[in-house]
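Visitor: next one to model:
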Amino acid sequence: MKWGLAALVLTMVIALRVFVFEVGVVSTGSMEPAIQPTEVIVINKLAYGCNLPRRWADIPLLNVFTWSAYLRFQDERNDWGYRRGWGKHSPQEGDVVVFLSPDNQYTMLVKRIHRVVEPGTAIPVDSVPMMWREMAMREHVQVVNRLGKTYIGGKASTHYVTRSTFYDMRGDNTGHSRDSRRFGLINEEAVLGKAGMVLWSWDSDAAWWKKIRWHRMFRTIR
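Guide: Numbers count the residues shown, from 1 in each chain. Model (predicted):
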């Protein structure tokens, strides 16, 4: 009975974290004043639909087995494909979103959507080449330059046509934010959820009796 109850509790915790919500700690001031450094925020996965796991490392609690370098290497060969659960709506311009860093798949970032690029958007290949080339790479589309022409997916093209949705992510504190201006637009596959509310707020630089920012607790992030 004890093992059965423990398995049930473990299953429920995993299900909640995969399908409903997760928490994360914001370590920088890139989203000030909406989010302060060291605040713990709730990531709402029901808003856009949860991003279903693509490998064992994506499953909360079970991913402890991938802490081993050998098992992590083996797991990185897995790819169960991109699938997203049902959501209330799609990410919109102005939403504060949590997503996986394009530089490190184990790091979460939080930024505001500055612009949405819908599927089917045609981008001239002679305009901002680094931007559309990164988009092609994230959509696993081969790009080759040969004899003065650009071949996209094996065909000579003058435009790159997006296959999925992309987001231009920016920090509110623009002077202290590493965002899409640096790493390019984010593919919809990287989106984990919407920044829902501040669960805990702590000012490590304040006097001990003022460290807890009570006025920011349980605030909806806008």
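
Visitor: for the rest of this, base every contact and every neighbour count on C-alpha atoms.
Guide: Fine.

Visitor: and the strands in this protein?
Guide: Along the chain, counting by DSSP state E, strands occupy 21-25, 40-44, 96-100, 108-117, 122-124, 143-146, 149-152, 155-156, 159-161, 166-170, 186-187, 191-200.

Visitor: the first one pairs with which strands, parallel or anti?
Guide: Partner strands for strand 21-25, per DSSP bridges, with pairing direction: strand 40-44 (antiparallel).

Visitor: kindly report the same for the fourth one.
Guide: Strand 108-117 has the following sheet partners, assigned by DSSP bridges: strand 96-100 (antiparallel), strand 166-170 (antiparallel).

Visitor: how about a markdown table for these, with distance to Ala190, mean pLDDT and mean neighbour count added?
Guide: Below are those laid out as a markdown table (distance: least, Cα to Cα, whole Å; pLDDT from 0 to 100; neighbours: other Cα atoms under 10 Å):
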| stretch | distance to Ala190 | mean pLDDT | mean neighbour count |
| --- | --- | --- | --- |
| strand 96-100 | 5 | 97 | 23 |
| strand 166-170 | 10 | 97 | 24 |
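
Visitor: dump those to TSV, plus distance to Ile212.
Guide: Converted to TSV, the strands paired with strand 108-117 look like this (distance: least, Cα to Cα, whole Å):
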stretch	distance to Ile212
strand 96-100	23
strand 166-170	27
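
Visitor: report the longest helix in this structure, please.
Guide: helix 2-15 (DSSP state H).

Visitor: any idea how far that one is from the middle of the chain?
Guide: 27 Å (Cα atoms, centre = their mean, to the nearest Å).

Visitor: can you point out the buried residues in that helix?
Guide: Ile14 (16 or more other Cα atoms under 10 Å).

Visitor: quick one: mean pLDDT over it.
Guide: Per-region confidence: helix 2-15 scores 87 on mean pLDDT.

Visitor: Tyr48: which of the strands paired with strand 108-117 is closest?
Guide: If you check each of the strands paired with strand 108-117 against Tyr48 by Cα to Cα, strand 96-100 wins as the nearest, at 10.0 Å.

Visitor: residue contacts, the most centrally placed residue in the chain?
Guide: For the chain, the residue nearest the mean C-alpha position is Phe99 (0.9 Å; Cα atoms, centre = their mean). Applying Cα atoms under 8 Å, 6 or more residues apart in numbering to Phe99 gives the contacts 108-110, 190-193.

Visitor: switch to 7 Å and redo it
Guide: 108-110, 190-192 (Cα atoms under 7 Å, 6 or more residues apart in numbering).

Visitor: name the nearest residue to it, sequence neighbours excluded.
Guide: Val191 (4.3 Å; Cα to Cα, 6 or more residues apart in numbering).

Visitor: also Gly29?
Guide: Pro37 (5.1 Å).
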